[in-house]
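Novice: Sequence and predicted model, in that order:
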Amino acid sequence: MARNVRATQIEIEAAVEALRDGELVAFPTETVYGLGANAQNPAAVRKIFEAKGRPANHPVIVHLDSPRYLHRWVRELPEPANRLAESFWPGPLTLVLPRAPQVHEVITGGQDTIAIRVPAHPMAQQLLTAFGGGIAAPSANRYGRVSPTRAEHVREEFGESIRIILDGGECQLGLESTIVSFEGEQVRLLRPGSVTAAQIRGVVGDLLLGVGVHSPRVPGGAPTHYAPATPLTIVPAGEIDAQADAASSGGRRVAVLAQRLPLRSHQTVTWINAGRRPESYARDLYSNLRTLDKAGCQRILVQGIPDGERWDAVRDRLLRAATSIAASDDGSASMAVLP
């Protein structure tokens, strides 16, 4: 699908006007599409929660066009955060920082921290620069469901209820941003994304992994999330054909997301070969899950993915999307939670 990198001036002006009127605007980022509201308008931000069915204690990310506006949103910037911002912004990294006194708790889920990102997508930059303020924007989908990576996915979720959807084509990365928080001089990775743990360590040194006792709640942190309506099960890599056969016995329809073609034909199985490259697998993951979700199947089987840091973000999303995980006999499909 063609990727539009810029909107027309008319489209941007209409989106800015909608934001200033307290309405919602969907827009592309390099990760997924966001459902945006004026971050300085609590009533507008509440509309995001109403549209998504999002719990009130679940924070949203505030998007800025530049780090120069951070002082409006955070009360202090730890030195490791400053180094990460210099290294990865604009880009798919979200920093969780102490919120400034004027930041409304509807954005933070009632916490004393705020999640901030400077997106790299040119259309997001256009919108943010023209708007001249922060845009609160979680992913543009119903809460807990598969995130949108195309404008058409947003329309499928919300129909005509969203006033403006800026169409930037297919998102380049396809998975939500990496999220880190700060504990003094220590940095903690709370959600993996395309900015990897190794890249972060290259900037700040030691890195804590996973949610700690005092970690803030962050977007996408719920145990069940990113899920299709069709029940999804992760199965060991070497058993995907046998599991597909078993699940489709008696004519039951089954969907499969694998990293290869099937070894044999399966009459009532819809099979997608997502390939073995982590970047393309991640980019296409949500689109593939949406396709399989529409296939009229009783279950989605996902072939267990390889170990390794390059797969961490995909592994995290699949674990949260899965209703059950089959045990691996040979360890080839380890889906362990990040340490």
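Specialist: Everything's here; your move. What you see is a predicted model; the values in this text were computed from it and never measured.

Novice: any idea how far Glu239 is from the residue of the chain most remote from its centre?
Specialist: What lies farthest from the middle of the chain is Gly250; by Cα atoms, centre = their mean that is 36.6 Å. To Glu239, Gly250 is 19 Å away according to Cβ to Cβ, to the nearest Å. C-beta here means a position set from N, CA and C on the backbone, and glycine is covered the same way.

Novice: which stretches of the stretch 151-300 of the chain have low pLDDT?
Specialist: Nowhere does the stretch 151-300 of the chain drop to pLDDT under 70.

Novice: And the strands in it?
Specialist: 164-165, 178-183, 186-191, 208-209, 232-235, 254-258, 269-273, 299-303 (DSSP state E, counting those that start in this stretch).

Novice: before we move on, what about the stretch 1-150 of the chain?
Specialist: Counting by DSSP E, counting those that start in this stretch, the stretch 1-150 of the chain has strands at residues 25-28, 33-38, 61-63, 93-98, 113-117, 135-136.

Novice: what packs against the second one?
Specialist: So that's strand 33-38. If contacts are counted by 3 or more Cβ pairs under 8 Å, 6 or more residues apart in numbering; DSSP states H and E, strand 33-38 sits against helix 9-20, strand 25-28, helix 42-52, strand 61-63, helix 122-131, strand 135-136, helix 151-158.

Novice: Which neighbours in the sheet does the second one have, and how are they oriented?
Specialist: In its sheet, strand 25-28 lies beside strand 33-38 (antiparallel), strand 164-165 (parallel), with partners assigned from DSSP bridges.

Novice: Quick check: mean pLDDT of it?
Specialist: The average pLDDT within strand 25-28 is 98.

Novice: related to what we said a few turns ago, most packed of the strands paired with strand 25-28?
Specialist: Mean neighbour count, computed with mean count of other Cβ atoms under 10 Å, is highest for strand 33-38 among the strands paired with strand 25-28, reaching a mean of 29.

Novice: before we move on, back to that, His266 is nearest to which of the strands of the stretch 1-150 of the chain?
Specialist: strand 33-38 (32.9 Å; Cβ to Cβ).

Novice: Out of the helices and strands packed on strand 33-38, which one sits most buried?
Specialist: Of all the helices and strands packed on strand 33-38, strand 25-28 has the most neighbours on average by mean count of other Cβ under 10 Å, namely a mean of 28.

Novice: And the helices in the stretch 151-300 of the chain?
Specialist: In the stretch 151-300 of the chain, the helices defined using DSSP state H, counting those that start in this stretch lie at 151-158, 197-204, 240-247, 278-293.

Novice: returning to that earlier point: figure out which of the strands of the stretch 151-300 of the chain is closest to His104.
Specialist: strand 178-183 (20.0 Å).

Novice: Need the residues that contact the closest one.
Specialist: If you take Cβ atoms under 8 Å, 6 or more residues apart in numbering as the criterion, strand 178-183 is touched by 78, 80-81, 84, 92-97, 113, 115, 187-196, 200, 208, 212, 214-216, 218-220, 313.

Novice: now do 7 Å
Specialist: With Cβ atoms under 7 Å, 6 or more residues apart in numbering as the contact definition, strand 178-183 has outside contacts at 78, 80-81, 84, 92-97, 115, 187-195, 200, 215-216, 218.

Novice: Might one say that Ile114 is in contact with Gln102?
Specialist: No: counting by Cβ atoms under 7 Å, Ile114 does not reach Gln102; the two are 10.9 Å apart.

Novice: Looking at the two, which is more packed in?
Specialist: The neighbour comparison of Ile114 against Gln102 (other Cβ atoms under 10 Å) goes to Ile114, with 29 against 9.
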